[in-house]
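**Student:** How does the following fold in three dimensions:
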Amino acid sequence: MFEIEKVVLEKNLYYRGELILKYTISYPRIISNLYIYSTRKFNSLNRMIALSLKMYAEKDLFNESKEIYEYNHSNGYPIMVYELNYDFEITYNDNFILSLFSNEYIFTGGAHGSTVRKSQNWDMKLGEQFKLDSVFKDDPNYLLFILRDIIRQIELQIEQGTNQYFDNYCCLVLDTFNPNQFYLYDKNTIVIFFGQYDIAPYSSGIPTFQIPI
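**Tutor:** Predicted coordinates:
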């Protein structure tokens, strides 16, 4: 297992003495002397993602929030605070395999913000991220197996009333399935996830499905 620390970048941004934007960006950094090349590659990628988000928040989002401030202030509306939150969760860290997902949440007004989830799956011996087909390399029909299992799980959840999906979920699963949207749950299980609104309403969150390997 790799020792991983959480690095946090956070700031409150003000305009005319008013708080109009705040961000918290947390990203992983490996602390290890093993596989130095892979460790540096992992750390460099995640630092770059964090710094890019920091720049986006302090430039684009801040400029947009200033415009909204001027509009709201001129029309007597309440001052709205923009938010950007980025965090991660390590889902598997064993046998030189490292898997995680990150959630990027942005609020720019309205009833709620939006969350985008992304994943990383690393073979630290090679210093490379691996794809879904390498997990099922002995099964040429793995995509069909995964899609059928997802549909089965959705039907069961609807029957039990544990979750909501759009009526045309079968077509939407096929249309929006992304083989890059997965992470390891344990050595025998992966998790496939979909984006918000891909196959279900906002209230259902980010749909996830555990698939046996």
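**Student:** Report the contact partners of Y69.
**Tutor:** Taking C-beta atoms under 8 Å, 6 or more residues apart in numbering, we find Y69 in contact with Y15, R16, E18, I20, I79, M80. In short, each C-beta sits where N, CA and C put it, glycine included.
**Student:** Flag every buried residue along the helix or strand hosting R117.
**Tutor:** Assessed by DSSP states H and E, R117 sits inside strand 114-123. Neighbour-count burial for strand 114-123, with 16 or more other C-beta atoms under 10 Å as criterion, is recorded at T115, R117, K118, S119, Q120, N121, W122.
**Student:** Let's see the pLDDT reported for the fourth one.
**Tutor:** Among the per-residue scores, S119 holds a pLDDT of 98.
**Student:** okay but it is in contact with L184, surely?
**Tutor:** No - the pair formed by S119 and L184 falls short of the contact definition of C-beta atoms under 8 Å, at 9.2 Å.
**Student:** residues shared between the contacts of these two?
**Tutor:** Counting by C-beta under 8 Å, 6+ apart, the shared contacts of S119 and L184 are S99.
**Student:** What segments of the chain are helices?
**Tutor:** 36-56, 62-74, 132-135, 142-160, 169-176 (DSSP state H).
**Student:** ok, D87 - contacts?
**Tutor:** T24, S26, S102, N103.
**Student:** what two of these are the furthest from one another?
**Tutor:** Using C-beta to C-beta, the two most remote members of those are T24 and S102, lying 12.9 Å apart.
**Student:** between these two, what contacts are shared?
**Tutor:** Y86, D87.
**Student:** With neighbour numbers in mind, choose between those two.
**Tutor:** For T24 versus S102, neighbours defined as other C-beta atoms under 10 Å are more numerous around S102 (21 against 16).
**Student:** Report the separation between the more buried one and G76.
**Tutor:** S102 is 39 Å from G76, where distance means C-beta to C-beta, to the nearest Å.
**Student:** Repeat that for S99.
**Tutor:** Taking C-beta to C-beta, one finds S99 at 50 Å from G76.
**Student:** Looking at the two, which is more packed in?
**Tutor:** S99 (23 against 6).
**Student:** L184 is in contact with that one, correct?
**Tutor:** Yes - if you go by C-beta under 8 Å, S99 and L184 touch, sitting 3.9 Å apart.
**Student:** Mind listing the shared neighbours of those two?
**Tutor:** Residues touching both S99 and L184 (C-beta under 8 Å, 6+ apart) are T91, Y92, N121.
**Student:** Can you tell me which of the residues you listed is nearest Y197?
**Tutor:** Closest to Y197 out of those is T91 (23.2 Å), distances taken as C-beta to C-beta.
**Student:** burial measure for the closest one, as a count.
**Tutor:** If we define neighbours as other C-beta under 10 Å, then T91 has 18 of them.
**Student:** ok, now which ones touch it?
**Tutor:** S99, L100, F101, Y183, L184, Y185, V191 are the contacts of T91 under C-beta under 8 Å, 6+ apart.
**Student:** just to revisit the earlier point, I'd like the helices of the chain laid out as JSON lines, including distance to E5 and mean pLDDT.
**Tutor:** As requested, these are arranged in JSON lines below (distance: least, C-beta to C-beta, whole Å; pLDDT from 0 to 100):
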{"stretch": "helix 36-56", "distance to E5": "10", "mean pLDDT": "97"}
{"stretch": "helix 62-74", "distance to E5": "28", "mean pLDDT": "96"}
{"stretch": "helix 132-135", "distance to E5": "27", "mean pLDDT": "94"}
{"stretch": "helix 142-160", "distance to E5": "34", "mean pLDDT": "97"}
{"stretch": "helix 169-176", "distance to E5": "34", "mean pLDDT": "97"}
